[in-house]
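S.K.: coordinates only, no sequence provided:
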C-alpha cells in the first residue's frame, strides 16, 4: 500500500522519497475486458478478410479480364497496384490509428474498403479501376497492423501467444482458404462480382463489434506537431515504387525495362532517405533501432524468406495443375483447404506447446521449417500424371510446418518487446509480411520463366536430333502440348528444389536466436481476508 493511502501518518521524508523514484512503466495486462475482447475479434475478422481480398483478386484476375474485356498486360496493374498500396501504408497505419484513435481510424478504413468493394464491379474503365484498387490496397492494408498492435497492448501473458497464433492466420489461413472461396464465387455462383462484394457483409459485422467494444475518444491533434513529414514524403513513394518494380519485374523483363530500372533506383533512394529520417527522428513511425535486438533482427530477416517459401504450399501446385491438368480454382480448392482449415486449431496448439517450460521455441521453429523443406523435396518428384491427390501428403506437411514456424517466430521476436513498443513492431512486421509475399511471387515467377526456357530448349533440341529417325511425325499441336506439359513438370520440380533449400537455410538460422523461456502464467490472486 502506498504511503498516501496508509492509515498511519507518513513521515516527512516519505513523499520526498516516493517522488525521487522514477515512474515504472506499466506492466502487462492481467485480463481482457469484455468490450476489448469483442473489439479484438472484430479487428481480427476484418484483418482476415483484408488478406482474402488481396489473394482473391489474383485468383480471379483471368475471369475479371474475360468479363470486362481487359488485356493481360493492362489488367496486371489491378493486382500490382493493390499490393503496392498495401505495402506503402504498413509503416504508417499504427501512428495514424493512435492519433485519430483506433476506433475512428479503423471504422473509416473499414468502410472506405467496403465502399470500394461495393462499386468496383460496376467500374469498366481500367485506369479508374486501377486507381480504386490502389486506394483499396491502402485502406484494407491499414486494418492488419492494428491487430498485432492491439494484441501486444491488451492481451495478458497467459493468452498472448494465442493472440499471436490468430495473427499468424493472416499468413497461413487466408492465402490458402482463398482458393476455395474464389472457386465458389467463380465456378459455383459464376459471378466475379462476389469476389469484391464479400467484404461488405463482414464490414457490417465488424462495425458493430468494434464500434461497441472500443470507447469514443478525442483526436490527439497535438501529435501532428511532432510528425515526421519527411518520412511520409520519402517512405510512401519509396515503398510504392518498390512494390511496382517487384510486381511488374517479370512481365517487363526486369533491368531491360526503363520503368523497372527507374522504380528500383528511385525507390531505393527514397527508402534510404526514409530509413535515415526515421532513425534520427524523435517520434518515428517505425523504430528501426529495435532491429538491434538479436531476436527481432533474426526473426524479421527470416520472415521475408519464410513467406517466400510458403508459396510452395498452395500457389506452386495450383499453378502446376492449372497448366498441366487444366484445373480451375474450385478443382484446386483441396490444396488450400488441407493447409488452411487445420490452422484454426493448430495455431493455438502450437501456442499451448510454447507455454510448456520444457519446450524451446527455437527447436519448434527449426522443426517447422524442416517439415516444410521435406514437403518441398517430396514435391521435386512431380510428374505430368499428378492430380491434387498426389499433393495431399505435401499439403499435410505444409499444414503442420507452417504454424510451428510462424507462431514460434512471432513468440521469439515479440517476447523482447514491451507493450508500448507494439505500434513500432506491428508496422515493421506487416511491412515485411507484404514484402515477403510480393518477393515470393516475383522469385517463383522468375524461376518459372528461366527454367521453363531452359527445359523447353533442351526438349526441343533433343526432339530435333531424333525426329528424322522416328517412323511417324508427331502432329504439331500434339507435340507442342507434350512439350509444354513436360516443361511445366520439370520447372515445378526446380521451384520446389529452390524453395526447399531456402527452407533448410532458414531452419539453420534457429541457432542465431537467443533462447526465450516459456511465459510464466501467474495464478489468480487469492482474496485477502477483510478485518472488521
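M.R.: Cool, got the structure. These figures come from a predicted structure and were not determined experimentally.

S.K.: what about the closest residue to residue 80 other than its chain neighbours, helix or strand, and which?
M.R.: Among residues not flanking residue 80 along the chain, residue 247 sits closest, at 3.5 Å (C-beta to C-beta, 6 or more residues apart in numbering). All C-beta spots, glycine's among them, are computed from the backbone N, C-alpha and C. Element membership of residue 247, judged by DSSP states H and E, is helix 229-252.

S.K.: next, the buried residues of that helix.
M.R.: Buried residues in helix 229-252, counting neighbours by 16 or more other C-beta atoms under 10 Å, are found at 231-232, 234-252.

S.K.: and for stretch 111-122?
M.R.: Neighbour-count burial for stretch 111-122, counted by 16+ other C-beta under 10 Å, picks out 111-118, 120-121.

S.K.: what's in contact with that stretch?
M.R.: 50, 53, 129, 132-133, 135-136, 139-140, 143, 192-193, 196-200, 203, 207 (C-beta atoms under 8 Å, 6 or more residues apart in numbering).

S.K.: which of those residues count as buried?
M.R.: 50, 53, 129, 132-133, 135-136, 139-140, 143, 192, 196-199, 203, 207.

S.K.: which helices and strands does the helix or strand where residue 440 lies pack with?
M.R.: If you go by DSSP H and E, residue 440 is part of helix 422-466. Packing contacts for helix 422-466, counted by 3 or more C-beta pairs under 8 Å, 6 or more residues apart in numbering; DSSP states H and E, involve helix 72-89, helix 93-100, helix 143-154, helix 229-252, helix 294-310, helix 315-324, helix 392-414, helix 476-508.

S.K.: and the longest one, what's buried?
M.R.: By 16+ other C-beta under 10 Å, the buried positions in helix 476-508 come out as 484-500, 502-504, 506-507.

S.K.: so that helix versus helix 294-310, what angle?
M.R.: 160 degrees (axes from the mean of the first three to the mean of the last three C-alpha atoms, to 10 degrees).

S.K.: tell me which strands and helices helix 476-508 is in contact with?
M.R.: Secondary elements touching helix 476-508 (3+ C-beta pairs under 8 Å, 6+ apart): helix 294-310, helix 315-324, helix 361-379, helix 422-466.

S.K.: list the contacts of the most centrally placed residue in the chain.
M.R.: With distances taken as C-alpha atoms, centre = their mean, the chain has residue 433 as the residue nearest its mean C-alpha position (4.1 Å). Residue 433 makes contact with 90, 144, 170-171, 303, 307 under the criterion C-beta under 8 Å, 6+ apart.

S.K.: ok, of those residues, which one's closest to residue 335?
M.R.: The closest of these to residue 335 turns out to be residue 171 (C-beta to C-beta; 16.8 Å).

S.K.: now do the contacts for the nearest residue to the closest one once chain neighbours are set aside.
M.R.: Closest residue to residue 171 apart from its sequence neighbours, by C-beta to C-beta, 6+ apart: residue 406 at 5.7 Å. The contact partners of residue 406, by C-beta under 8 Å, 6+ apart, come to 168, 171-172, 306, 368.

S.K.: from residue 161, how far off is residue 406?
M.R.: Distance of residue 406 to residue 161, given as C-beta to C-beta, to the nearest Å: 12 Å.

S.K.: one more: residue 506?
M.R.: 21 Å.

S.K.: repeat for residue 70
M.R.: For residue 70 relative to residue 161 (C-beta to C-beta), the value is 45 Å.

S.K.: more neighbours, the two?
M.R.: residue 161 (27 against 18; other C-beta atoms under 10 Å).

S.K.: which residue, other than its chain neighbours, is closest to the more buried one?
M.R.: Nearest residue to residue 161 in three dimensions, chain neighbours excluded: residue 351, at 3.8 Å (C-beta to C-beta, 6+ apart).

S.K.: what's the neighbour count on that neighbour?
M.R.: If you count neighbours by other C-beta under 10 Å, residue 351 ends up with 23.

S.K.: what's the distance between the helix or strand where it lies and the middle of its chain?
M.R.: For residue 351, the host element (DSSP H and E) is helix 343-354. Distance of helix 343-354 from the chain centroid (C-alpha atoms, centre = their mean, to the nearest Å) equals 18 Å.

S.K.: now it against helix 392-414, angle please.
M.R.: Using the same axes, to 10 degrees: helix 343-354 against helix 392-414 is 50 degrees.

S.K.: thanks a lot, catch you later.
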